[in-house]
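> What would the 3D arrangement of this be:
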Amino acid sequence: MNWAILFFAGLFEIGWAIGLKYTNGFTRLVPTVLTAVSMAISLGLLGIALKTLPVGTAYAVWTGIGAVGTAILGIYLLGEPAAVGRIVCIGLIVAGIIGLKLVS
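Numbers count the residues shown, from 1 in each chain. Predicted coordinates:
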């Protein structure tokens, strides 16, 4: 169950990371509020998952999910480059997340 909670914490991390772009330097109210709420939910869920998961593993998976999701959404929503090297590196992060799950 805590792995599922950690997964959702990672999804909310993606939400606030992408949300930061839409706040326009915290000058837009609605994106700023949604980003802050997403941050709070993400950290709250991470805290719950840490009750039973090792901190190093949970933090690495949480940031990995956030990094992968943010990079992918950056490509699709924000027109960031989808170079082969970048995609390979994203794949390596995914492999690391899977590896941490398998050995934990």
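
> what about the strands in this structure?
With DSSP state E, there are no strands along the chain.

> So in it, which helix runs the longest?
In the chain, ranked by residue count with DSSP state H as the criterion, the top helix is helix 55-78.

> same for that one, what does it pack against?
helix 2-22, helix 29-49, helix 84-103 (3 or more Cβ pairs under 8 Å, 6 or more residues apart in numbering; DSSP states H and E). (C-beta placed from N, C-alpha, C; glycine too.)

> List the buried residues for the shortest one?
Counting neighbours by 16 or more other Cβ atoms under 10 Å, one finds that the buried residues in helix 84-103 are I90, I93, I97, L100.

> ok, now stretch 46-56?
For stretch 46-56, by 16+ other Cβ under 10 Å, it's L46, I48, A49, L50, L53.

> Contact partners for the second one?
In this case it means I48. Neighbouring residues of I48 by Cβ atoms under 8 Å, 6 or more residues apart in numbering: N2, I5.
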